[in-house]
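*Asks:* quick one, fold the following:
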Amino acid sequence: MRSYLEKHRLLYGHIGAIIALIIAVIYFVVIPGEVLEASGMQKLVLLYGHSLCWVLLSIASYLWGMKKHRKLTAFFAYSAFITYIIFIGILMITKSA
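*Replies:* The predicted structure follows:
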């Protein structure tokens, strides 16, 4: 499987980037109900955190497909992970309040 992905890296990198961007737009439009209860930084994270995560994944996927800057690709992937953890943490805090 790994050799297949390496062989078709450009195609799957672009497909992954497009899918991630579509998901980012969906989450930009669909706003969690917890936003109404949040204020300040929590509201900002709940409004844009999930979309930002998918945009970062899209960039990482594109860079991976283009075989560009391995460290930069990892940076965007880890940034997406951290963004998602922050988003889920704020979401859980807001839900329990």
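*Asks:* which parts of the chain are helices?
*Replies:* Per DSSP state H, the chain carries helices over the ranges 2-7, 9-29, 40-65, 70-96.
*Asks:* most neighbours per residue, which of these?
*Replies:* For the helices of the chain, the largest average neighbour count (mean count of other Cβ atoms under 10 Å) is found in helix 40-65, namely a mean of 20. Glycine gets a C-beta too; all of them are placed from N, C-alpha and C.
*Asks:* and that one, what does it pack onto?
*Replies:* helix 9-29, helix 70-96 (3 or more Cβ pairs under 8 Å, 6 or more residues apart in numbering; DSSP states H and E).
*Asks:* and that helix with helix 70-96, angle?
*Replies:* Helix 40-65 and helix 70-96 meet at an angle of 150 degrees, taking axes from the mean of the first three to the mean of the last three Cα atoms, to 10 degrees as the criterion.
*Asks:* and the angle for helix 40-65 with helix 9-29?
*Replies:* Using the same axes, to 10 degrees: helix 40-65 against helix 9-29 is 160 degrees.
*Asks:* returning to what we had before: would a markdown table of the helices of the chain with mean pLDDT be doable?
*Replies:* Listed next are these as a markdown table, based on pLDDT from 0 to 100:
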| stretch | mean pLDDT |
| --- | --- |
| helix 2-7 | 78 |
| helix 9-29 | 94 |
| helix 40-65 | 94 |
| helix 70-96 | 93 |
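*Asks:* how much space between the residue lying closest to residue 56 once chain neighbours are set aside and residue 95?
*Replies:* Once flanking residues are discounted, residue 56 sits nearest to residue 80: 3.7 Å by Cβ to Cβ, 6 or more residues apart in numbering. Look at residue 80 and residue 95: by Cβ to Cβ, to the nearest Å, they are 22 Å apart.
*Asks:* Serialize the helices and strands packed on helix 40-65 to TSV and add fields for distance to residue 57.
*Replies:* Formatted as TSV, those follow (distance: least, Cβ to Cβ, whole Å):
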stretch	distance to residue 57
helix 9-29	4
helix 70-96	5
